[in-house]
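Participant: based on what follows, work out the 3D shape:
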Amino acid sequence: MQSKTILNQLKISPLHVFDQTTLHEWLNTGKLHIAKYGKDQVIHFEGDICDKMEILLSGKVAIKHITEDGNVMNIAEFNKGDLLGGNLLFTKKPYYPMMIIAISDVEVLTIKKDQLFEMLSEYPMFLKAYLELTSENTFILSSKIKLHVNLTLRDRLLIYLKNESKHQMKKTITIPESKKALAEKLGVERTSLSRELKKMKDDGLLEFDSKTITLLF
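Facilitator: Numbering: from 1, shown residues only. Presented below is the predicted three-dimensional model:
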């Protein structure tokens, strides 16, 4: 990736407070580093130590949690401009509580902890931008986790279907992912998802076929 492209992508990150000459110099001297990951590659395993902040330059990643019964729960997704590890780096136990997996080819800019601390101490505007984005990320993750923990599968499924219906602006919606992927997103087995869909059909809440779901409420 060319430096000019990287600098343009950093405009939507906390580093937007720095001029391009400074950022270009830091990239050339190694103060800032670029890392690449392929689709489906694990970027961080649960329990890995967090010793750097990462900024997504391109692609998308998913925060996933493996439950005690082996289900993979898709907690949240982050896109270009979002931070990884920013809310963990300066905690007493800086370990990733969940897996981070690339769901497309991904490029990230990394800043090691000591280097980041120096930048935060020296540049107040960068500190402000960093705190705003890490606070927002923490709120998003907390909300997602609370949603999965406190709601039944039917509740989670209804929220998902209502959001898709609103997005597609119709009652008969095309599911944009496989049942396996949807089950993973909801943190259940595919068989559990199929059973719940059948129950919801029997209760008069929806109709469905292999490709679409029609909401009746």
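
Participant: tell me the centre residue of this protein?
Facilitator: Central residue of the chain (C-alpha atoms, centre = their mean): Glu77, 2.3 Å from the mean position.

Participant: so for that residue, what's the nearest residue that isn't a sequence neighbour?
Facilitator: With sequence-adjacent residues excluded and distances taken as C-beta to C-beta, 6 or more residues apart in numbering, Glu77 is closest to Ala62, at 5.1 Å. Heads up, the C-betas are built off the backbone N, CA and C, glycines and all.

Participant: and if you look at Ser121?
Facilitator: Here the residue nearest Ser121, using C-beta to C-beta, 6+ apart, is Leu127, at 7.8 Å.

Participant: distance check, that neighbour against Ile55.
Facilitator: 15 Å (C-beta to C-beta, to the nearest Å).

Participant: coming back round to it: dump the residue contacts of the residue nearest to Glu77.
Facilitator: 74-78, 100-101, 103 (C-beta atoms under 8 Å, 6 or more residues apart in numbering).

Participant: what secondary structure does it sit in?
Facilitator: Secondary structure state of Ala62, per DSSP: H, G, I helix; E, B strand; the rest coil, is strand.

Participant: same check, this time on the one 3 residues further on
Facilitator: Taken by three-state DSSP, the conformation at His65 corresponds to strand.

Participant: residues contacting it?
Facilitator: Taking C-beta under 8 Å, 6+ apart as the contact definition, His65 lies against 46, 72-73, 75, 97-99, 187.

Participant: and what of Glu132?
Facilitator: Pro14.

Participant: low-confidence ranges, the protein, go.
Facilitator: 1-12, 67-71, 139-140, 142-151 (pLDDT under 70).

Participant: what residue spans form the domains of it?
Facilitator: 3-150, 153-215 (automatic domain parsing).

Participant: ends of the shortest one, how far apart?
Facilitator: From the first residue to the last, domain 153-215 extends over 17 Å; the measure is C-alpha to C-alpha, to the nearest Å.

Participant: distance from that domain to the middle of the chain?
Facilitator: 21 Å (C-alpha atoms, centre = their mean, to the nearest Å).

Participant: quickly find the element holding the residue nearest to Arg190 when sequence neighbours are not counted.
Facilitator: The shortest distance from Arg190 to any non-neighbouring residue, by C-beta to C-beta, 6+ apart, is to Ala183 (4.4 Å). Per DSSP states H and E, Ala183 falls inside helix 179-186.

Participant: mind listing what's buried in that helix?
Facilitator: Going by neighbour count (16 or more other C-beta atoms under 10 Å), the buried part of helix 179-186 is 182-186.

Participant: go on, stretch 15-24?
Facilitator: For stretch 15-24, by 16+ other C-beta under 10 Å, it's 15, 18, 23-24.

Participant: which of these fall in strands?
Facilitator: Judged by DSSP state E, strands contain none of the buried residues of stretch 15-24.

Participant: coming back round to it: my read is that the residue nearest to the centre of the chain contacts Gly59, right?
Facilitator: No: look at Glu77 against Gly59 with C-beta atoms under 8 Å: they stay out of range, at 10.8 Å.

Participant: mutual contacts of the two, please.
Facilitator: Counting by C-beta under 8 Å, 6+ apart, the residues touching both Glu77 and Gly59 are Ile103.

Participant: quick one: stretch 20-34 to chain centroid distance?
Facilitator: The answer for stretch 20-34 is 26 Å, by C-alpha atoms, centre = their mean.

Participant: only C-alpha atoms, please: export it in CSV.
Facilitator: C-alpha atoms of stretch 20-34 as CSV (Å, rounded to 0.1, in the frame of the first residue of the first chain):
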residue,chain,number,x,y,z
GLN,A,20,0.6,14.4,6.4
THR,A,21,4.3,15.3,6.6
THR,A,22,4.5,14.1,10.2
LEU,A,23,2.6,10.9,9.4
HIS,A,24,4.8,10.2,6.3
GLU,A,25,7.9,10.6,8.4
TRP,A,26,6.6,8.2,11.1
LEU,A,27,5.7,5.6,8.5
ASN,A,28,9.2,5.8,7.0
THR,A,29,11.0,5.6,10.4
GLY,A,30,8.9,2.7,11.7
LYS,A,31,7.1,4.7,14.4
LEU,A,32,3.9,3.5,12.6
HIS,A,33,3.8,0.0,11.1
ILE,A,34,1.5,-1.6,8.6
